[in-house]
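>>> Structural data only, the sequence is not supplied:
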């Protein structure tokens, strides 16, 4: 074809011979359009490594580095890309995506300025949850690696495991029996089999053995050859931010989605919109593909107020198990184990049954305080020659003997007790019914929730059937006013408070 024929063909269909620099400029405009439509976080996560190779015959050809990215874009952003291309190029009716080889020459990638701007905004500390560390710290960490079951997983910086925290060293009692049994079921799972409970959600107060149980699951699963990643919320947040800084977010996502078992600890510390969204995506991908997920926190899923509601719902859809406060028999068992371990290093260390019973009864907080008590008893036994008496033990652990904290009252407990007291159901209290037999118990329950919990008025309203905070405030003021002049109501309120706090 001579030069004049080429010019005529170009006039008929410019896309057939469109100069590459014009195509590059059109692609840059498409990227800006996609970034504006999808948001900076999404764009920087999924389009940073997408390359436009060519546009021929009304079909745009893209390449990406991995099969996972190809599948994700085809299923989630196909129409968005096609719409942006049609608006900027015109005449583009379809797109195709291929996986390029590692040594392939780059095509037309998103404009560097656009990608960098999106990435910078996506990891801004104010948007990502304010991690209280300089951005340089995240850059220095880079895309860390972690050895998991003999294979190297790129871009996931897993938390270290303590070799001592196994099922064999976990002491079982009535408060943690159910959680222990569920954890063993999860740990005994095999690759390819449907998970026993997914997700398994374990919640308990500080020092009651959540982390021990989670790491025991990890150790057991590793011994079976399963691909396991154990992450704390802090490690996950730092790892995700580092991956964004290093532009390895896709590798980070792929690594998380390729494992057999994700164990996630301290979920209550998960902060930041972009980071919570990524955790939600990873959680959904693992659960939808039949993988096992174990999550632990210090409260039930419904109480993780900072967490996205969809993530809370997904966590609540699994098996939720509470590890209750240590009872005295279990505290005694823990003390005996700690004393035996100390005696192995110090044969002269002896604790009488009376001292053991005193410590088990006096320290009713958590396992860490019990371990601290054994350390103090050991120190006093080394210094003093006579065997430890109860009086000497009391002096040794006096800083650990605290006045018992008031029971942590839950809004659900208040609703159940008030409903029972006034002969209505909890469903009645949460309903929209406005009869006198329901309105008074509802207002009493709202009053007690404000008086006995630290929940805000909006949160209390949400727990009472999604009511507005002004409704809660009206109920609190109404009951306060009535109780000031009605001695019967005042006595009822005091009775309910005592029953809830016992």
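Nice, thanks for sending it over. Keep in mind it's a predicted model, so treat the numbers as computed, not measured.

>>> which residues in this structure form strands?
Under the criterion DSSP state E, the chain carries strands at the ranges 51-56, 59-64, 94-99, 146-148, 151-153, 200-203, 228-232, 261-265, 292-297, 319-322.

>>> what angle do the second one and strand 94-99 make?
What separates the directions of strand 59-64 and strand 94-99 is an angle of 20 degrees, with axes from the mean of the first three to the mean of the last three CA atoms, to 10 degrees.

>>> what's strand 59-64 packed up against?
Taking 3 or more CB pairs under 8 Å, 6 or more residues apart in numbering; DSSP states H and E as contact, the helices and strands that strand 59-64 lies on are strand 51-56, helix 78-88, strand 94-99. The way it works is simple: take the backbone N, C-alpha and C, and place the C-beta from them, glycine included.

>>> and these as JSON lines, adding mean neighbour count and distance to residue 354?
Converted to JSON lines, those look like this (neighbours: other CB atoms under 10 Å; distance: least, CB to CB, whole Å):
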{"stretch": "strand 51-56", "mean neighbour count": "18", "distance to residue 354": "76"}
{"stretch": "helix 78-88", "mean neighbour count": "17", "distance to residue 354": "73"}
{"stretch": "strand 94-99", "mean neighbour count": "15", "distance to residue 354": "71"}
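
>>> which residue ranges form the helices in the stretch 401-502 of the chain?
Listed in chain order, the helices of the stretch 401-502 of the chain (DSSP state H, counting those that start in this stretch) span 411-421, 426-430, 436-452, 457-463, 469-485, 487-501.

>>> Just the buried positions in the third one, please.
Read it as helix 436-452. Going by neighbour count (16 or more other CB atoms under 10 Å), the buried part of helix 436-452 is 438, 440-452.

>>> In contact with the residue nearest to the spatial centre of the chain, which residues?
The residue lying closest to the centre of the chain (CA atoms, centre = their mean) is residue 267, at 3.5 Å. When the contact criterion is CB atoms under 8 Å, 6 or more residues apart in numbering, the partners of residue 267 are 233, 295-297, 304, 307, 315.

>>> just checking, residue 166 touches residue 218?
No: Residue 166 is beyond contact range of residue 218, at 9.6 Å (criterion: CB atoms under 8 Å).

>>> What distance do you get for the residue nearest to residue 416 when sequence neighbours are not counted to residue 438?
Sequence neighbours aside, residue 426 is the residue nearest to residue 416 in space, at 5.6 Å (criterion: CB to CB, 6 or more residues apart in numbering). Residue 426 sits 11 Å away from residue 438, going by CB to CB, to the nearest Å.

>>> cool, residue 38 as well?
Counting by CB to CB, the gap from residue 38 to residue 438 is 46 Å.

>>> Likewise for residue 79?
Using CB to CB, one gets 49 Å for the distance from residue 79 to residue 438.

>>> ditto for residue 451
When CB to CB is applied, the distance between residue 451 and residue 438 equals 20 Å.

>>> ok, now residue 307?
Relative to residue 438, residue 307 is positioned 31 Å away (criterion: CB to CB).

>>> Same check on residue 311?
Residue 311 is 33 Å from residue 438, where distance means CB to CB.

>>> quick one, which of the helices and strands packed on strand 59-64 is nearest to residue 496?
helix 78-88 (55.0 Å; CB to CB).

>>> which helices and strands sit right next to the closest one?
Under the contact rule (3+ CB pairs under 8 Å, 6+ apart), helix 78-88 is packed against helix 20-38, strand 59-64, strand 94-99.

>>> From residue 393, how far out is residue 360?
11 Å.

>>> what's the least confident helix or strand in this protein, going by average pLDDT?
Comparing helices and strands within the chain by mean pLDDT, DSSP states H and E singles out helix 135-141 as the least confident, with a mean of 25.

>>> doesn't residue 172 make contact with residue 337?
No: the pair formed by residue 337 and residue 172 falls short of the contact definition of CB under 8 Å, at 11.6 Å.

>>> ok so, going back, neighbour-wise, which of residue 166 and residue 218 wins?
More neighbours sit around residue 218 than around the other of residue 166 and residue 218, counting by other CB atoms under 10 Å; the figures are 24 against 17.

>>> Wait, the more buried one touches residue 230, no?
Yes: between residue 218 and residue 230 there is a contact at 4.6 Å, judged by CB under 8 Å.

>>> So for the two, which residues contact both of them?
Here residue 218 and residue 230 share the contacting residues 161, 263, scored by CB under 8 Å, 6+ apart.

>>> which ones are touching residue 413?
With CB under 8 Å, 6+ apart as the criterion, the residues that contact residue 413 are residue 500.

>>> Distance of it relative to residue 497?
Noted for residue 413: a distance of 12 Å to residue 497, by CB to CB.

>>> likewise residue 321?
Applying CB to CB, one obtains 29 Å for the distance of residue 321 from residue 497.

>>> same question, residue 462
Distance of residue 462 to residue 497, computed by CB to CB: 23 Å.

>>> Is it correct that residue 440 is in contact with residue 422?
Yes: under the contact definition of CB under 8 Å, residue 440 touches residue 422, with a separation of 7.0 Å.

>>> pLDDT wise, what is residue 482 at?
You'll see residue 482 listed with a pLDDT of 92.

>>> same thing with residue 471?
At residue 471, the pLDDT recorded in the model is 93.
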